[in-house]
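> Sharing a sequence plus its predicted fold:
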Amino acid sequence: MPWGFVVAAISSIQGALYLLVLSVNSLVTIHRGVVDPPGELPVWATLTMAMTAVALALLANIRPECAAFWKRRASRSLVRRRKGGVNENILHSVSSRAGPRHG
């Protein structure tokens, strides 16, 4: 399964947001006079911009085949079955070895 795209996207977005928080906190400490300008702001702002560019590049370059894989998987994972007059949601295994579920 291509989990690398999912993990990389989550990690890069989380990293960019974390660095944004560090940049804002650096601005707050400068504004309150705790540190002299520019403080750590140049470091955090530069890393924030770089990580945001990485996240956007990753998200922009997701191939259609990968997106189609996840769309197919989502459509197959939840199946509605009518049993005894009650709708039941049954999750099917993606593995062909598991076989059909009964009951």
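Good, I have the coordinates.
> Please count neighbours and contacts with C-alpha atoms only from this point.
Will do.
> What helices and strands are in contact with the longest helix along the chain?
Longest helix of the chain, by residue count under DSSP state H: helix 3-31. Packing partners of helix 3-31 (3 or more C-alpha pairs under 8 Å, 6 or more residues apart in numbering; DSSP states H and E): helix 41-60.
> and the helix it packs on, what's its mean pLDDT?
Helix 41-60 shows an average pLDDT of 95 in the prediction.
> ok, now stretch 23-36?
For stretch 23-36, the mean per-residue pLDDT is 95.
> What are the contacting residues of it?
Stretch 23-36 is contacted by residues 37-41, 44-45, 48 when judged by C-alpha atoms under 8 Å, 6 or more residues apart in numbering.
> now Met51: how far from Leu17?
Using C-alpha to C-alpha, to the nearest Å, one obtains 9 Å as the distance from Met51 to Leu17.
> More neighbours: which of the two?
For Met51 versus Leu17, the count of surrounding residues by other C-alpha atoms under 10 Å is larger for Met51: 21 against 15.
> so who does Met51 touch?
12-13, 15-16.
> Ok, Glu40 next?
With C-alpha under 8 Å, 6+ apart, Glu40 has these contacts: 23, 26.
> could you redo the last one with a cut-off of 10 Å?
Listed by C-alpha atoms under 10 Å, 6 or more residues apart in numbering, the contact set of Glu40 reads 22-23, 25-27, 29-30.
> Check these for burial and list the buried ones.
Neighbour counting with 16 or more other C-alpha atoms under 10 Å marks 22-23, 26-27, 29-30 as buried within the contacts of Glu40.
> returning to that earlier point: now the common contact residues for Met51 and Leu17.
If you check Met51 and Leu17 against C-alpha under 10 Å, 6+ apart, no residue is contacted by both.
> residues contacting Trp3?
Residues near Trp3 by C-alpha under 10 Å, 6+ apart: Ala9.
> correction: Ala9
Counting by C-alpha under 10 Å, 6+ apart, Ala9 makes contact with 3, 15, 54-59, 62.
> can you redo those residues as JSON lines with distance to Arg72?
Shown next, in JSON lines, are the contacts of Ala9 (distance: C-alpha to C-alpha, whole Å):
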{"residue": "Trp3", "distance to Arg72": "15"}
{"residue": "Gly15", "distance to Arg72": "29"}
{"residue": "Val54", "distance to Arg72": "27"}
{"residue": "Ala55", "distance to Arg72": "25"}
{"residue": "Leu56", "distance to Arg72": "24"}
{"residue": "Ala57", "distance to Arg72": "24"}
{"residue": "Leu58", "distance to Arg72": "21"}
{"residue": "Leu59", "distance to Arg72": "19"}
{"residue": "Ile62", "distance to Arg72": "16"}
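> Nice, that's everything, thank you.
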